[in-house]
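**Q** from the sequence below, what's the structure:
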Amino acid sequence: MLINFLHDGVEVISHPAHGLLAGKIADKIRHKLFVDHWLETMTAIIEHDDEQISHKAKKSISKIGMPMDFAINTTPIAKSFEHAKAVFEKVNKKSSWSALILSHHLQFLYEDTAKDHAEFNIFLNDLKSFRATVCERYKVKPDKIAELYKIMIFADRLSLILCQDQVPQLGRELEINTSIDNKKYFIYESAKGNLIVKPWPFKESSFDLSLESRLLSEIKFKDEDEFDAFLAKAPIKIKSWTFSRE
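**A** This next block holds a predicted model:
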């Protein structure tokens, strides 16, 4: 989960909500790679962070009872392995094309850490064979899939920036990443309050995006059960942004 401490409480954004926002971003992009199987590609982007392990298994609150953002909530490698397998199997049941795109992301996330976990390392190595098989099945070159995956890493990173309120103020630029067409992308807020991405990769000259978050009025909890109970009853908040080319 993603955590933002606000003046009126704690904002909690689920990983699936972040994934859905990444899908919305990807669907706004204008690109020559928009060919067949776009819905299957979107499935991989939207569902890439599903099948998260339970709060109790991961420990969603700190020792002093405060919610922990995923960036500081270190997950044991065995639990990461469980998540990687679960999300891959879920997506693969829908479409091997979707799983093909997702497999690039799992390789990107876990290739280094998996070296110290035998089963995880075998799983990632098996994904390489899986990619070759699926590319042959769909008569597509691996290089094209690697380029298509760059849309996913752009959308994923931009979604995280938005979810975590990381866009700087006063017109300062924040690097998103180097991704689509091997270009380096930046985001900043205009004087009108709109968000601008340079270079502009989107189909429309302006558009709106939104996602749902939950707002907790409490910031400390006695245990995981209390946190889960408060989160289940927390009011839903709509976060929204307007993007414009200039």
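**Q** hmm, residue 95 is touching residue 41, no?
**A** No: using Cβ atoms under 8 Å, residue 95 makes no contact with residue 41, being 9.3 Å away. Where you see a C-beta, it was placed from the backbone N, CA and C, and this is true even at glycine.
**Q** where does the protein have low pLDDT?
**A** 51-58, 73-74 (pLDDT under 70).
**Q** give me that answer again for 80
**A** Counting by pLDDT under 80, the chain contains low-confidence ranges at 32-35, 50-59, 70-75.
**Q** so residue 95 and residue 41 - more neighbours on which side?
**A** Neighbour tally, residue 95 and residue 41, criterion other Cβ atoms under 10 Å: the higher count belongs to residue 41, 27 against 18.
**Q** what kind of secondary structure is the more buried one in?
**A** Assigned with DSSP: H, G, I helix; E, B strand; the rest coil, residue 41 falls in the helix class.
**Q** all strands of the chain, in order?
**A** Along the chain, counting by DSSP state E, strands occupy 2-6, 9-13, 174-178, 184-189, 195-198, 206-216, 236-244.
**Q** C-alpha coordinates for the longest one, CSV please?
**A** In CSV, the C-alpha atoms belonging to strand 206-216 read as follows (Å, rounded to 0.1, in the frame of the first residue of the first chain):
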residue,chain,number,x,y,z
SER,A,206,-5.4,17.6,-22.3
PHE,A,207,-7.1,15.1,-20.2
ASP,A,208,-8.1,14.2,-16.6
LEU,A,209,-7.1,11.2,-14.5
SER,A,210,-8.3,10.0,-11.1
LEU,A,211,-8.1,7.2,-8.6
GLU,A,212,-9.7,6.2,-5.3
SER,A,213,-7.9,6.4,-2.0
ARG,A,214,-9.0,6.0,1.6
LEU,A,215,-8.6,8.6,4.3
LEU,A,216,-8.0,7.5,7.9
